[in-house]
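Trainee: Predicted model follows, preceded by the sequence.
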Amino acid sequence: MGCEANIDSIRALEKQIEEGNGDLTELKRARNSLLNVSTRVPPEVLGYIFVWSLIMETGQVDLWRLEGLQKGSYNFLLVCHHWFEVASRTPELWTSWGTTLQDWKKCHRRRVAAAPLNLVLHGGESNPDLLFDEPLQDAVKSRVRQDTICRVHLMPNDCDTLASIISSLTPDHEGCQNENIESIMLRNRGSTFVDVSDFFARSRLPRLHFLDLYGRIQISPWDRLAPRTTLLTALSLDITIPPPSPTLPASQLFSILSSNPNLQELSLADAALPDDADSMSFKVQLPQLNTLSLTGKPYHLLGLLRQLILPETLDDMDLTGYGSTVEVMSQVLAPYMQDYFRRNPRFQGRLGLYFSCDDSISISVGVVYAQTPMQLQEPPRVSLTALTDLPPPLEQLFSLIALIPREQVVRIDVDLEVEPPEELFLMMPNIEALRFSDLELFEGFLKPNPRGPHANTKLLPSLETLCLQDPVLEYDDWSPLTAYLAHQTSDGQTISLAIFGDVPDMPPEVVNEIKGRVKEFTYRRDSEEGEGE
């Protein structure tokens with residue numbers, strides 16, 4: 001068909017579509033078959049463009065998403081018949097069935113069977129009655145036989161669905177399939193344990209580099225993971241162990257860690273922390289590790305830490321202890337932290353302590369993350385965060401703070417409804433950034449007690465950034481804040497102020513007064529774009 005005839009036919013079909021004459025679906029298919037856009041671009045290049053278009057629109061560079069083609073992201077399929085054919089022959093576009101069982105129902109029959117498959121399930125089904133039925137089971141088993149599954153990220157709403165999917169993913173013969181799986185994330189929030197022992201026993205997993213197991217996930221014994229996973233770079237275990245064992249045996253955990261010397265990220269929580277680590281006669285070396293996160297009882301934390309040989313290249317270490325008092329936490333962990341500082345001077349005292357009302361405490365070494373809009377040009381070396389009201393007495397808090405090189409404390413995050421005592425700030429004169437959440441702005445805000453020994457001094461002589469999130473005002477009175485700014489900047493000290501969140505209305509005269517006293521002012525109420533320079 002000539003070019004003019006092609007155009008005439010397209011126009012005729014467009015007219016029928018506009019007038020609604022005939023079957024619209026068939027009319028559109030006929031029109032699209034006559035369209036040819038960018039036919040001079042080689043198909044492989046055009047397919048590459050489609051893939052990057054998908055990545056840019058859906059953010060699928062993120063390992064946690066992996067949705068594949070979503071509504072609104074596949075308009076290029078509708079441009080013309082040529083584009084549709086190119087897309088159909090581009091396997092990278094068809095790597096996901098979606099994130100719900102409803103999506104799986106629609107997409108699992110696609111004919112690009114050779115394409116690597118990211119099997120993702122996020123729960124939240126639009127149809128709660130939809131089941132992982134026999135056709136879906138057969139589709140998953142077929143992919144296992146073809147060994148085309150690349151990632152398995154399953155977070156269903158119920159444990160029965162997770163168990164059924166895992167059963168379909170389990171090869172018929174031990175060590176025969178699943179050699180191309182690169183990452184596994186299984187999360188069971190249900191009340192029943194899901195046993196994945198056969199899945200791991202029958203899968204070789206020579207390419208697995210990411211493993212995240214959460215909740216009631218059962219493997220018996222756990223050390224059977226060791227010969228199956230030898231190239232892990234990230235391991236996260238936040239699991240529940242069925243009775244009678246309260247925690248994962250140290251011998252089984254150490255077997256997994258020893259078999260994966262290339263680990264860069266390690267996160268262990270609760271039952272994944274063995275209670276018999278001190279009984280082990282050998283230590284585990286993790287020469288490539290740069291991020292370590294441990295959450296559990298203080299003595300379990302310390303027992304495991306004593307058995308790990310950590311590299312000097314470690315950038316991040318977060319230790320969270322609970323089920324104990326502040327006093328016990330400081331007695332158990334503080335000596336270890338002090339020894340670690342002495343052994344590894346590259347941290348230069350970067351230490352964070354996190355407190356909450358149930359006496360759970362986190363000690364964090366390494367990178368301390370700033371929260372927008374509270375940003376420091378240099379990463380803060382020490383961060384102290386009080387998440388909620390501190391358990392009395394506050395002297396226990398001070399005893400922990402005394403372990404830190406106080407001159408290096410440069411940032412504090414406080415989620416308290418009452419202002420911390422002035423002694424806290426007097427102990428840390430080099431604080432450069434301070435954030436309060438849900439703090440009541442009362443008379444004397446951030447000023448020394450006028451009748452105390454420090455009445456004529458400044459609590460925060462080095463302060464550069466002050467953040468107020470969801471501030472609470474009495475009678476919509478902003479005068480405590482303006483009085484503090486007048487006091488703090490009286491000798492030329494410069495401060496940047498950010499107020500955001502659930503913020504009371506600020507009169508224009510107050511805005512102008514604050515702008516006249518601070519270096520930079522950000523005032524953003526919820527659902528507003530923000531104002532201030």
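Mentor: Sure, I can see it.

Trainee: Can you give me the end-to-end span of stretch 448-455?
Mentor: One end of stretch 448-455 to the other measures 5 Å (CA to CA, to the nearest Å).

Trainee: For it, give me every contacting residue.
Mentor: 422, 426, 444, 456-459 (CB atoms under 8 Å, 6 or more residues apart in numbering). C-beta here means a position set from N, CA and C on the backbone, and glycine is covered the same way.

Trainee: okay, how far is it across stretch 270-289, tip to tip?
Mentor: 20 Å.

Trainee: With stretch 208-220 instead?
Mentor: Termini of stretch 208-220 sit 20 Å apart (CA to CA).

Trainee: ok so, going back, buried only: go through the contacts of stretch 448-455 for me.
Mentor: Neighbour-count burial within the contacts of stretch 448-455 applies to 422, 458-459; the criterion is 16 or more other CB atoms under 10 Å.

Trainee: thinking again about what came up before, grab the two from the contacts of stretch 448-455 that are most spread out in space.
Mentor: Of all pairs drawn from those, the one with the longest distance (CB to CB) is L426 and G444, at 15.1 Å.

Trainee: Among the buried ones among the contacts of stretch 448-455, which one sits closest to T148?
Mentor: Nearest member of those to T148, counting by CB to CB, is L459, at 62.6 Å.

Trainee: Distance check, the closest one against H487.
Mentor: Distance of L459 to H487, given as CB to CB, to the nearest Å: 10 Å.

Trainee: same check, this time on W83
Mentor: 66 Å.

Trainee: Neighbour count: these two, which is higher?
Mentor: The neighbour comparison of W83 against H487 (other CB atoms under 10 Å) goes to W83, with 24 against 17.

Trainee: Thought G47 was touching the more buried one, still the case?
Mentor: No. Counting by CB atoms under 8 Å, W83 does not reach G47; the two are 9.7 Å apart.

Trainee: need the contacts of stretch 448-455 in CSV with distance to A269 and pLDDT, can you?
Mentor: Shown next, in CSV, are these (distance: CB to CB, whole Å; pLDDT from 0 to 100):
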residue, distance to A269, pLDDT
E422, 37, 78
L426, 36, 78
G444, 42, 83
N456, 49, 80
T457, 44, 83
K458, 42, 86
L459, 37, 86
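
Trainee: From those residues, pick the one nearest K515.
Mentor: Scanning the contacts of stretch 448-455 for proximity to K515, where the rule is CB to CB, the winner is K458, at 21.6 Å.

Trainee: The closest residue to that closest one other than its chain neighbours - how many residues pack around it?
Mentor: Nearest non-adjacent residue to K458, counting by CB to CB, 6 or more residues apart in numbering: Q488, 6.5 Å away. Residue neighbour count, defined by other CB under 10 Å, stands at 21 for Q488.

Trainee: and Q488, how far is that from Q285?
Mentor: Using CB to CB, Q488 is found at 50 Å from Q285.

Trainee: Spit out the contact partners of N290.
Mentor: 264-265, 311, 313-316.

Trainee: Low-confidence ranges, the stretch 1-150 of the chain, go.
Mentor: Along the stretch 1-150 of the chain, segments meeting pLDDT under 70 span 1-7, 10, 29, 31-40, 48, 50-81, 88-89, 91-94, 110-114, 123-130.

Trainee: Just the helices from it, written as ranges.
Mentor: Along the stretch 1-150 of the chain, the segments classed as helices by DSSP state H, counting those that start in this stretch run 3-19, 24-34, 43-58, 81-88, 101-107, 134-146.

Trainee: same check, this time on the stretch 201-350 of the chain
Mentor: Using DSSP H, counting those that start in this stretch, helices in the stretch 201-350 of the chain cover 250-259, 298-307, 326-343.
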